[in-house]
Structures are given as C-alpha cells and as structure tokens.
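Trainee: Only the shape, not the letters, is given here:
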C-alpha cells in the first residue's frame, strides 16, 4: 500500500452526477434564451403542480451541482493538505499552486479563448442571445476572465454566453490562492476554517442588512451579487468535514454512517428544493452543504452505503467531469442548431427531449474524453512532478 496515496471510492461518480445536474439546467436555460419550449423557471405560486415541480428542479439543479463541487473540493483538498502536513511537517505551497495551475488553467484558458474568439464566429448569429451579451464590455470582460476573476465579471456585467459557468472556477481559484498559506501557518486548521466561514457569513449578513435598510446602490448591488456567488463557506464546510474525518475518524463515522443519515439526506434535497421559504433562501446553501458533506462521506467511505458508485464507468466519467463542466455550455446550442438543420424541432415532447439530452450528453462526453486524453493529459503528466500526496485514482 502506498502511504502517500489518498483515495476515496465513489467520488468520481458523484463528480459526474454533479456535472450532469449543471448540464440539465443549462440545456433548458439555452432553450429559454433561444425562444424554444423549455422547462426553465422556478414556481412562484403557492400551488405546486407537477409542471412547476419539474421546472423548479431544473431551475435549481445546476446551482446545487456547483455547491456540491465546492463542498467536495473543500473536503478533498483540505484532507490532502492535512495528510501532507502530517507526513512532511509542512505544506509545500509552491507545489500546491503548480498542481492547481496544471490541472485547471490549461482547459480554463482554452474555454476562454473559444468563448471570446472562436465559438461566436462559428455560430455567426444563428443563436440570437449570444452576440449582444458578448460584445458589451468586451475588453474589461476579457481582462477579468484572463486574470481568473470571471465571477467579478459575472457580478458587474451580464454573463459571457456559453462560458459563464467559469465563474465557479474563479471562486475556487481565489480561495485556493490563500487556503494553503493559511493551512500551513495555522496551528489548528479547523479553527482557521471556522474563522474563514464566519468572515464570509459576516460579510454577507452585513451587505444584506444594508440592502434591507434601504442603502442599496449600484456598487453595493455588485458586491451583493459577487458575495452571493462566492460560496467559500461551502468549501470551508467540506474542509471541516475533512478535518473531523482525519482527526476524529471513529466519532465522525459513528455519526455519519448511521443507517438513517444517507436516506434522510437524499430525502431532504427535494423537500428543500420545493418548499424552502423565500425568507431563508439566501442561507439555504449552508444546509445543502452539510447534506452534501454527509453524502460524500457516506458514498466514499461507508461499506454499507446504499449508493455504490465505485466502478470503471463512473471512474472514467468522473475523471472527465471537469472537462464536461467546461465544454457542455457551448455544445448545447450546437446540438440544437444541428437538430433544427435535421428537421427535428426541439420541444417539450418526449422524443425531441430524449434526442437533445442524449445528443448533448454523448457529445459532451466525447469532446471531454478527447480533451482529457490529448490536451489536459499532457499537463496532468507534468502535474505528477509536483505531487506529494497522490489522489484521484485507485491504481
């Protein structure tokens, strides 16, 4: 057994399902923007129907997928840092940055280049919602994307079409710019996570109080939107879970592995989606984050878990989940365009829906696999030079 290797079975499967949740939301969102029949929209009345329930699930799925990625990322990265610190007595911050750069930046910048300079001209106006949004504030938008602040661009301006999902990459990279430094210097990593959590919650509460007190301004509105997207507190919850698992393994497992925990977590998700009161909507992601942490811990470590995702198919799909997340948005309009050219009009009827979902999923997997194998793979080989604690593979 390699003592410098950390592997959590089933996480690749969870990554894939989180990515697919985002794909589902974006398929319906693109159809909405293109003026096609769609399932986009949250129910606003007190009467819950099957249609409004489906629309609400579609509306919320993408956001929940991203929150899940935040919790999972915070959990796994913090656990790896804990192992590294315990085995080496420190954290090699420079090597951490190099690993993040080699894993995230090549595909991120490729998507930015495609989104700004290639895809709009291939589409050539056939997708009407894209041109105006792209051309508005082109220079400053491009600059913010290039310095990996797409979430700030998202908060100030309208999202750049077909690459707007990159806002979450900005959130993660900004957190991981400071987190290894804090973890290295912290005498107690858990206490540091709590401090970061409290700072983020305090900032958000302060801004919300200002808004409710009537002190809203364009600048404050941008800050509010930026903070709303910056779910660093979800990442700290994942990190806290990693700390408890690493340092209090028996107690943590005795709590999380209770037979009732995973079924209750799975049941709570649709209940929260459909019945969360608007008054607590701004903070409900904290509840989801704890639920996702319990799901992650159960699936990846509980031998009696009712969810079994450790197999070659899910391991493959999980490995390309980052690629799927990055490519899918620009492939959805392409699939719809090709369907129209083939005389298949996208609608909410069963057959056209199956065609678009199957086509988008298959094309996204194909493109993501090619990217992972022939583009990202080159950088991943370099990444191994700076790896101290191996993760992500059972082999």
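Mentor: Sure thing, it's come through. In this text the structure is predicted, and so the values were computed from the model without any measurement.
Trainee: what's the pLDDT at the nearest residue to residue 367 once chain neighbours are set aside?
Mentor: Spatial nearest neighbour of residue 367, excluding adjacent residues (Cβ to Cβ, 6 or more residues apart in numbering): residue 327 at 5.1 Å. Quick note: C-beta positions are derived from backbone N, CA and C, even for glycine. Reading off the confidence values, residue 327 has pLDDT 97.
Trainee: burial count for residue 327?
Mentor: Residues near residue 327, counting by other Cβ atoms under 10 Å, number 26.
Trainee: May I ask which helix or strand encompasses it?
Mentor: helix 321-341 (DSSP states H and E).
Trainee: mind checking how far the residue nearest to residue 367 is from residue 255?
Mentor: Noted for residue 327: a distance of 38 Å to residue 255, by Cβ to Cβ, to the nearest Å.
Trainee: next one: the helix holding residue 327 to chain centre, how far?
Mentor: 18 Å (Cα atoms, centre = their mean, to the nearest Å).
Trainee: per-residue confidence averaged over whichever helix or strand comes after it?
Mentor: For helix 321-341, the following helix or strand on the C-terminal side (DSSP H and E) is helix 350-371. Averaging pLDDT along helix 350-371 gives 94.
Trainee: now do stretch 200-214
Mentor: Stretch 200-214 carries an average pLDDT of 90.
Trainee: Give the buried residues for it.
Mentor: 200, 204, 207 (16 or more other Cβ atoms under 10 Å).
Trainee: Strands - which of these land there?
Mentor: Using DSSP state E, no member of the buried residues of stretch 200-214 falls in strands.
Trainee: between those, which is closest to residue 234?
Mentor: Distance ranking of the buried residues of stretch 200-214 against residue 234, using Cβ to Cβ, places residue 200 first at 9.4 Å.
Trainee: thought residue 233 was touching residue 289?
Mentor: Yes - here residue 233 lies in contact with residue 289, judged by Cβ atoms under 8 Å, at a distance of 7.3 Å.
Trainee: just the helices in the stretch 51-200 of the chain please.
Mentor: Assigned by DSSP state H, counting those that start in this stretch, the stretch 51-200 of the chain shows helices spanning 93-113, 119-123, 130-135, 138-146, 150-156, 167-185, 189-212.
Trainee: Tell me which of those sits most buried.
Mentor: Of those, the one with the most neighbours on average (mean count of other Cβ atoms under 10 Å) is helix 150-156, at a mean of 22.
Trainee: Centroid-nearest residue for this protein?
Mentor: residue 66 (2.8 Å; Cα atoms, centre = their mean).
Trainee: And the closest residue to that residue other than its chain neighbours, how far from residue 9?
Mentor: Using Cβ to Cβ, 6+ apart and skipping the chain neighbours, the partner closest in space to residue 66 is residue 168 (5.0 Å). Noted for residue 168: a distance of 25 Å to residue 9, by Cβ to Cβ.
Trainee: Likewise for residue 202?
Mentor: The value you get for residue 202 to residue 9, if Cβ to Cβ is used, is 37 Å.
Trainee: what does residue 345 give?
Mentor: Residue 345 is 43 Å from residue 9, by Cβ to Cβ.
Trainee: same thing with residue 337?
Mentor: Per Cβ to Cβ, residue 337 is found 40 Å from residue 9.
Trainee: Enumerate the positions of the helix or strand where residue 269 lies that are buried.
Mentor: If you go by DSSP H and E, residue 269 is part of helix 261-275. For helix 261-275, the neighbour count (16+ other Cβ under 10 Å) marks 261, 262, 265, 269, 273 as buried.
Trainee: Show me the shaky parts of this protein.
Mentor: Residues of the chain that meet the criterion pLDDT under 70 lie in 1-3, 42-46, 123-133, 392-395.
Trainee: and if we set it to 90?
Mentor: Low-confidence segments of the chain (pLDDT under 90): 1-5, 30-54, 117-138, 157-162, 211-219, 221, 277-282, 333-334, 336-353, 389-395.
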